[in-house]
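Trainee: Okay, here's the prediction I keep looking at, along with the sequence it came from:
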Amino acid sequence: MSTPPLPPASDADLDVLRSQLGRVPRGVIGIAARCICGNPTVVATSPRLDDGSPFPTFYYLTHPAATAAMSVLEAGHVMKEFSDQLGGDDDLRAAYQAAHEAYLRDRAVYGEPEEIAGISAGGMPTRVKCLHALAGHSLAAGPGVNPIGDLALARGTWSPERCECETPGAGG
């Protein structure tokens, strides 16, 4: 389970992130979750980027295999299924609301830009919009914090229990 404050990303982490994303990562605060080999899986991103832009997605999924698995689920319309579950289950809705609040608390440690006040990620707290963001939150915060992220990880083909990295471990 990883919640702020996070140690800063190492140069090796930044190199792996560059490889994973195919670009220079922006606003990296630290690594919020790692593959079992030590590579970054989820990066924590500053709520305000260096260019001044607000950035609400604090937990950003970077691992290519995890990202691909969430894309497959999204393409298979799993978000609608999860949204329907959310609409019909008071306990799930309450847990999702709590996940939204936890996300905001984690991000607030690093600033609270007025432009994104009350906005978390992935459609929280009322809808399911981005499984990548929700799975990233689940991986960073640990099981039981984000119920929709947990469902997405359970349904996907990728598992944090096995390494599928193309880049040698950064160590951690």
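Mentor: Thanks, I have it.

Trainee: Now the residue lying closest to Y103 once chain neighbours are set aside: which helix or strand?
Mentor: Spatial nearest neighbour of Y103, chain neighbours left out: S120 (4.2 Å); criterion: C-beta to C-beta, 6 or more residues apart in numbering. C-beta: built from backbone N, CA, C; applies to glycine. Assigned by DSSP states H and E, S120 falls within no helix or strand.

Trainee: Mind pulling up the pLDDT for G169?
Mentor: For G169, the model assigns a pLDDT of 58.

Trainee: number of nearby residues for the residue nearest to Y103?
Mentor: S120 sits with 24 neighbouring residues when counted by other C-beta atoms under 10 Å.

Trainee: got a list of what it touches?
Mentor: 56, 58, 100, 103-104, 107 (C-beta atoms under 8 Å, 6 or more residues apart in numbering).

Trainee: Select from these the one having the most neighbours.
Mentor: Busiest of the contacts of S120 [other C-beta under 10 Å] is F58, holding 29 neighbours.

Trainee: Would you confirm that that residue contacts D106?
Mentor: Yes - between F58 and D106 a contact is recorded at 6.2 Å, counting by C-beta atoms under 8 Å.

Trainee: circling back: list the ones among the contacts of S120 that fall in helices.
Mentor: 100, 103-104, 107 (DSSP state H).

Trainee: Distance to D90 and pLDDT added to those residues, as a markdown table?
Mentor: A markdown table is the format used below for the ones in helices among the contacts of S120 (distance: C-beta to C-beta, whole Å; pLDDT from 0 to 100):
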| residue | distance to D90 | pLDDT |
| --- | --- | --- |
| H100 | 16 | 98 |
| Y103 | 20 | 98 |
| L104 | 21 | 97 |
| R107 | 26 | 96 |
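
Trainee: Closest to M124 out of these?
Mentor: Using C-beta to C-beta, H100 comes nearest to M124 of these, at 3.8 Å.

Trainee: Tell me where the protein has strands.
Mentor: Per DSSP state E, the chain has strands spanning 28-34, 40-45, 59-61. These are given in chain order.

Trainee: Between these, which one is closest to I116.
Mentor: Nearest to I116, of the strands of the chain and by C-beta to C-beta, is strand 40-45 at 11.9 Å.

Trainee: If we go by neighbour counts, what in the closest one is buried?
Mentor: 40-45 (16 or more other C-beta atoms under 10 Å).

Trainee: where does this protein dip in pLDDT?
Mentor: 1-2, 167-172 (pLDDT under 70).
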